[in-house]
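Peer 1: Requesting a structural model of the entry that follows:
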Amino acid sequence: METFLPLGVYADTGTRLPAIDEETLESFAGEPAETEVSRDQLEAKQGWHLGLDDGFDPKALSECGWAVLYAPGTSEEVKKALSPLIEHRRKQVNNDRLFKVFEGVESYAPGETAAAWLAKGGKNIEMRDVNPRKGVPYYVMIVGGPAEVPFEFQYGLDLFWAVGRLSFPTAAEYGRYAESVVAYETAAQVPTSRQMAVFAPRNGDDAAMGLFHENVVLPMQASSEIAPAFGEEQRFRRLGLTGEAATKEALEKIWLGKVAQGPPAVVFTGSHGMVFYAGDDRQVSQQGAIICEEWRGVDAPKASHYFPASDLPANAQVHGMVHFLFDCYGAGWPRNDTFARTSKRPPKIAEAPTVARLPQALLAHRNGGALAVLGHVDRAWSSSYRSKATGSQIDDFRSVMNRLMAGHCVGHATDRLNQRWSTLSIDLAEQLQRKANELPVDAEDLKGRWIARDDARNYVVLGDPAVRLRVQDMPEL
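Peer 2: Here you go, the predicted model:
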């Protein structure tokens, strides 16, 4: 089987996160079925639609609608803090049929799948291309942590709907995010420039980062006979801080806006993420932190080698940014390892499923927050961008980034990742059916397909899925 490499480093030793162990691979010999969606739903996703039914403009909330889904037990303090954003969206939609607040009995119930939630309460909505008039608007913002509304529910609903999540430890942070979004969308001028910053260290001879540079970093910045560089058709300038230039100081300058032409509207970081063992006091505040070029691939990373939320400057200029954060645990993590859930003894990652602190800090910054962060839950693998059979596979990244830079709403722009999940799921199901029918199947290939499938599913949007860059107001550079 091809060895898929994860992008994570243990804080105490500097050793890399392991690939899938043999016990876990053997436990996969059964049927690793999806828990949130059916094969029929996955097959429906493989059509050319991006979730939304014909006749609806994904940029027009008055057509697509918008909803907030409060986790059970959401406090009135949090709801009040979010009220500026809620009322702003209500006015934009301007249609009570397309603006919804799901709370109480209409909210998520423990153990509910996305399909079950769509069907309950008389909604009777199938998981198919979305018609917002049926009762659930296209854009759905979950409010609450993954212990209250699981990541798996978000994955499932996001297969067709455009879903984002807000999760903060305090009501004040919910309020800062809400005020930041409204301020961005109503200000006379935008605070960011028409450029995309690419930050990716090399970390000495590190194999995972070497593979990432070869298959992602270089192709995304250079035009070829096959495709233009990322953002070129959208007339975005590219700022590359990669390899030796990808230092902690350089990343800080991006977030401070101290780069040519000012704060970039889009930031893409690809790196190892910091990893801590369950029970470590540092896990909640630092897991998923970006490891920079100062770490040369040996020994334990020092504090000066990585960027946790606590190091984000008070005067950062991240207001209006969209950040694609690619590393292990960059967006968060489940309680138990996703890639060992079929094992009899799945490793415990943490005491509870958690949203990572760095994206929270970016979204709720006191100086104005980012619009959204796209990141990965659990381990992020090289299967996201490379196949042994076909080599570099970055068309999914290209589609997402270019749609963001074309001014699409974040929840709609990221839907290409769900199509990849559905395609890989069906491929895997077909191979499992061959095995059940006692036809020849390459066992190692089967296990590799499983890793790639789960890897593709675990992307999430943190923030309001309806936010989008005001590219029409950004002058050409």
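Peer 1: what's the span of stretch 128-142, first residue to last?
Peer 2: Length of stretch 128-142, first residue to last, CA to CA, to the nearest Å: 20 Å.
Peer 1: Going by neighbour count, which residues in stretch 270-287 are buried?
Peer 2: Neighbour-count burial for stretch 270-287, counted by 16 or more other CB atoms under 10 Å, picks out Gly270, Ser271, His272, Gly273, Met274, Val275, Phe276, Gln283, Val284, Gln286, Gln287. Backbone N, C-alpha and C define where each C-beta goes, glycine included.
Peer 1: Can you tell me how far the second one is from Asp280?
Peer 2: Distance, Ser271 to Asp280, using CB to CB, to the nearest Å: 20 Å.
Peer 1: what's the answer for the first one, then?
Peer 2: The span separating Gly270 from Asp280 equals 25 Å under the rule CB to CB.
Peer 1: mind listing the helices for the stretch 51-200 of the chain?
Peer 2: Assigned by DSSP state H, counting those that start in this stretch, the stretch 51-200 of the chain shows helices spanning 61-64, 76-81, 83-93, 114-119, 151-158, 171-186.
Peer 1: Which one of those lies nearest to Leu218?
Peer 2: For those, proximity to Leu218 was assessed by CB to CB; helix 151-158 is nearest, at 29.9 Å.
Peer 1: Mind giving me the packing neighbours of the closest one?
Peer 2: Helix 151-158 sits against helix 114-119, strand 162-166, strand 459-463, with contacts defined as 3 or more CB pairs under 8 Å, 6 or more residues apart in numbering; DSSP states H and E.
Peer 1: mind running it again at 10 Å?
Peer 2: In terms of contacts (3 or more CB pairs under 10 Å, 6 or more residues apart in numbering; DSSP states H and E), helix 151-158 is packed against strand 66-70, helix 114-119, strand 139-143, strand 162-166, helix 415-436, helix 443-457, strand 459-463.
Peer 1: what comes up buried for the fifth one?
Peer 2: Pointing back at helix 415-436 there. Neighbour counts using 16+ other CB under 10 Å place 415-426, 428-429, 431-432 of helix 415-436 among the buried residues.
Peer 1: do the same with stretch 294-305
Peer 2: By neighbour count, with 16+ other CB under 10 Å as the criterion, the buried positions of stretch 294-305 are Glu294, Trp295, Gly297, Pro301, His305.
Peer 1: By mean pLDDT, flag the weakest helix or strand of the protein.
Peer 2: Here the helix or strand of the chain ranked lowest by mean pLDDT, DSSP states H and E is strand 391-392, holding a mean of 50.
Peer 1: Tell me which helix or strand comes right after that one.
Peer 2: For strand 391-392, the following helix or strand on the C-terminal side (DSSP states H and E) is helix 395-405.
Peer 1: Give the buried residues for that following helix.
Peer 2: Here helix 395-405 shows Asp396, Phe397, Arg398, Ser399, Val400, Met401, Asn402, Arg403, Leu404, Met405 as buried, counting by 16+ other CB under 10 Å.
Peer 1: OK, contacts around the first one?
Peer 2: Read that as Asp396. Residues near Asp396 by CB atoms under 10 Å, 6 or more residues apart in numbering: Ser384, Tyr385, Thr414, Arg416, Leu417, Asn418, Gln419, Arg420, Trp421, Ala456, Tyr459.
Peer 1: In terms of distance to Glu225, which of those ranks first?
Peer 2: Among the contacts of Asp396, and counting by CB to CB, the member closest to Glu225 is Tyr385, at 19.8 Å.
Peer 1: residues contacting the closest one?
Peer 2: Taking CB under 10 Å, 6+ apart, we find Tyr385 in contact with 211-212, 214-217, 219-220, 270, 326, 391-397.
Peer 1: Select only the buried ones of the residues you listed in ChimeraX?
Peer 2: ChimeraX command restricting the contacts of Tyr385 to the buried ones, with burial defined by 16+ other CB under 10 Å:
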select :211,212,215,216,217,219,220,270,326,393,394,396,397
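Peer 1: Just the strands from the stretch 1-150 of the chain, written as ranges.
Peer 2: 8-10, 66-70, 99-102, 139-143 (DSSP state E, counting those that start in this stretch).
Peer 1: My guess is Trp333 contacts Arg357. True?
Peer 2: No: Trp333 is beyond contact range of Arg357, at 11.5 Å (criterion: CB atoms under 10 Å).
Peer 1: Now do Ala452 against Leu428, distance only.
Peer 2: Taken as CB to CB, the span from Ala452 to Leu428 is 8 Å.
Peer 1: again, but for Asp378
Peer 2: Counting by CB to CB - Asp378 and Leu428 are separated by 18 Å.
Peer 1: same thing with Asn437?
Peer 2: In this view, Asn437 and Leu428 are 15 Å apart by CB to CB.
Peer 1: Contact partners for Phe268?
Peer 2: Counting by CB under 10 Å, 6+ apart, Phe268 makes contact with 196-200, 216-217, 220, 230-231, 238, 322-326, 374, 397, 400-401, 404.
Peer 1: Just give the nearest non-adjacent residue to Leu211, would you?
Peer 2: Leaving aside its chain neighbours, Leu211 sits nearest to Ser382 (5.3 Å; criterion: CB to CB, 6 or more residues apart in numbering).
Peer 1: Next: Asp12.
Peer 2: Ala300 (5.7 Å).
Peer 1: Please tell me how far the one you found sits from Ala364.
Peer 2: Taking CB to CB as the measure, Ala300 falls 30 Å from Ala364.
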